[in-house]
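Peer 1: Return atomic coordinates for the entry below.
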Amino acid sequence: MSIKDLENIIVGGEGERVEFKKSTGQRTLAAKTVCAMSNGLGGFVLFGVTDKGEAIGQLVTAKSRM
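Peer 2: The predicted structure follows:
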C-alpha cells in the first residue's frame with residue numbers, strides 16, 4: 001500500500017470498512033473493530049488519525065510497543 005492509497009482511505013472517511021483511532025491507547029476498541037471487520041468484508045483500522053480524518057501520527061516508544 002502506498003502513501004497515496006492511505007491518503008485516499010483517510011479522505012474517504014470512516015465507514016463500515018474504515019475506522020480511525022487517534023492513538024494506540026484505543027487499542028481495545030480497535031481490537032473489537034478488527035474482530036467485527038474480520039467477520040464481514042474486512043477493512044482498515046488506522047492509528048494516528050482523528051475521528052475528523054486528520055492524520056496526526058503516533059509517537060512510538062519502547063513502552064508503546066508492549
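Peer 1: any chance you could map the strands in the chain?
Peer 2: 18-21, 44-47 (DSSP state E).
Peer 1: Any idea how far the first one is from the middle of the chain?
Peer 2: Just to be clear, that refers to strand 18-21. Its chain's average C-alpha position is 4 Å from that of strand 18-21, according to CA atoms, centre = their mean, to the nearest Å.
Peer 1: Roughly how far does Gly13 sit from Asn39?
Peer 2: 22 Å (CB to CB, to the nearest Å). C-beta coordinates here come from the backbone N, C-alpha and C atoms, glycine included.
Peer 1: ugh, wrong one, Asp51
Peer 2: For Asp51, the distance to Asn39 equals 23 Å [CB to CB].
Peer 1: picking up where we left off before, between Gly13 and Asn39, who's got more neighbours?
Peer 2: Gly13 (11 against 8; other CB atoms under 10 Å).
Peer 1: so what's the most centrally placed residue in the chain bridging to?
Peer 2: Closest to where the C-alpha atoms of the chain average out (CA atoms, centre = their mean) is Leu46, at 1.6 Å. Beta-bridge pairing of Leu46, defined through DSSP bridges, involves Phe20.
Peer 1: Can you show me the helices along the chain?
Peer 2: Per DSSP state H, the chain carries helices over the ranges 3-12, 27-38.
Peer 1: quick one on the thing from earlier: and the residue nearest to the centre of the chain, what does it touch?
Peer 2: Residues counted as contacts of Leu46 (CB atoms under 8 Å, 6 or more residues apart in numbering) are Leu6, Ile9, Ile10, Val18, Glu19, Phe20, Lys21.
Peer 1: And the last one, how far from Asp51?
Peer 2: Same thing as Lys21. Distance from Lys21 to Asp51, by CB to CB: 9 Å.
Peer 1: Neighbour count: these two, which is higher?
Peer 2: Of the pair Lys21 and Asp51, Lys21 is the one with more neighbours under other CB under 10 Å, namely 19 against 11.
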